[in-house]
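[1] need a structure here:
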Amino acid sequence: MDESQIVELVKDGYRTGSIKPDDNFLLNDTTIISYESHEDSYQHNPSISEQVIGYVNYRATIFVSTLEFPILQWEFISSAHLHKKGYMVTGDSSFGPAPLPNLKYIIYCIKSRTEYTGITGYEFKDRLVIELIDLDVAANNLNLPNIMSSVLGSKSLSENEINRDEFIEIKKQVLSQKLFADHTWNDAHDIVSRYFDHNERELSKEVFKISVAYQQIFRPYRVVYDTKTWQPVLV
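    Numbers count the residues shown, from 1 in each chain. Sure thing, here's the model as predicted:
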């Protein structure tokens, strides 16, 4: 499957209702299953975790900034990278009960909640935004392998459970880097939110620079669908 085929699968999964709110998994047989289905299946067939090639996060939002910059809203990349490398994070259940050695894609599926047009305006009315990123590309561009190594040191995979303090430190170091046009992750999120959701149009130049960095770091494959025609549209 290439990226366009995966995005089409996610769109169809949304239309048929097989994609549930929050956490879903794409298997190598092109099936998309919910977190609960994955967890139940794992009890009887632990090898199902080896079949997972993609993580799909589905949300509905009232915010244009979320639709424009999905990856800035939820930071799953650190957890996903650790799970792929064989480490489990204490108390972090988003990626299931076992490592996901073949996880390749993180996919954001965002639906506009058009009943709140007073906040979002009409730019994304009847829209479904899907962004797909290659986990390894994003992790490398976020310097995650080096950060993980510096925090975990020589921790053996035989002791594969990472405590919350270790995970928080990894995430803290990722988020503190000024990778978004000399802004940290959280500062970049704040700027695009102020621009799109609070109409602070004087931030347009900073938003443009953040957008360029966002593309360079995550290299997302993005498609916006009109939920009335199910055809791709520009906005």
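
[2] Any buried residues in stretch 188-200, and which?
    188, 189, 191, 192, 193, 194, 195, 196, 197 (16 or more other Cβ atoms under 10 Å). From N, CA and C alone the C-beta is placed, and that goes for glycine too.

[3] and the third one, that one's in a helix?
    Yes. Applying DSSP: H, G, I helix; E, B strand; the rest coil, one finds residue 191 inside a helix.

[4] Confirm for me that it is in contact with residue 205.
    No. Contact criterion Cβ atoms under 8 Å: residue 191 and residue 205 do not qualify, at 10.4 Å.

[5] now the helices for this protein?
    3-16, 35-44, 64-68, 70-73, 77-85, 117-120, 135-141, 144-152, 164-176, 185-197, 204-218 (DSSP state H).

[6] What residues sit buried inside the first one?
    When burial is assessed from 16+ other Cβ under 10 Å, helix 3-16 yields the following buried residues: 3, 6, 7, 9, 10, 11, 13, 14.

[7] So which elements touch that helix?
    Here helix 3-16 touches strand 22-27, strand 32-34, strand 52-61, strand 105-112, strand 127-134, strand 221-226, going by 3 or more Cβ pairs under 8 Å, 6 or more residues apart in numbering; DSSP states H and E.

[8] which stretches of the chain aren't confidently modelled?
    92-93, 114-123, 155-159 (pLDDT under 70).

[9] got a list of what residue 28 touches?
    51, 52, 53, 102 (Cβ atoms under 8 Å, 6 or more residues apart in numbering).

[10] Which of those residues sits closest to residue 209?
    residue 53 (33.1 Å; Cβ to Cβ).

[11] any idea how far that closest one lies from residue 62?
    Per Cβ to Cβ, to the nearest Å, residue 53 is found 31 Å from residue 62.

[12] again with residue 220
    22 Å.

[13] what do you get for residue 32?
    25 Å.

[14] Which of those two has more residues huddled nearby?
    Neighbours were counted for residue 32 and for residue 62 using other Cβ atoms under 10 Å; residue 32 has more, 24 against 17.

[15] Just confirm the more buried one contacts residue 9, I think it does.
    Yes. Between residue 32 and residue 9 there is a contact under Cβ under 8 Å: 6.6 Å.

[16] what do those two both touch?
    Common neighbours of residue 32 and residue 9 (Cβ under 8 Å, 6+ apart) are residue 26.

[17] Around residue 95, count how many other residues there are.
    24.

[18] heads up, I number from 46, so please use that
    I'll keep to 46 as the first residue from here, and by that count the last item is residue 140.

[19] about what we covered before: residue 188: which of the buried residues of helix 48-61 is nearest?
    Nearest member of those to residue 188, counting by Cβ to Cβ, is residue 48, at 23.9 Å.

[20] residues contacting that closest one?
    Per Cβ under 8 Å, 6+ apart, neighbours of residue 48: 177, 266.

[21] mind checking how far it is from residue 100?
    Distance from residue 48 to residue 100, by Cβ to Cβ: 15 Å.

[22] got the contact list for residue 52?
    152, 175, 177, 266, 268.

[23] ugh, wrong one, residue 265
    Each residue near residue 265 by Cβ under 8 Å, 6+ apart is listed here: 116, 176, 177, 178, 259.

[24] next one: residue 110
    117, 118, 234, 237, 238, 240, 241, 242.
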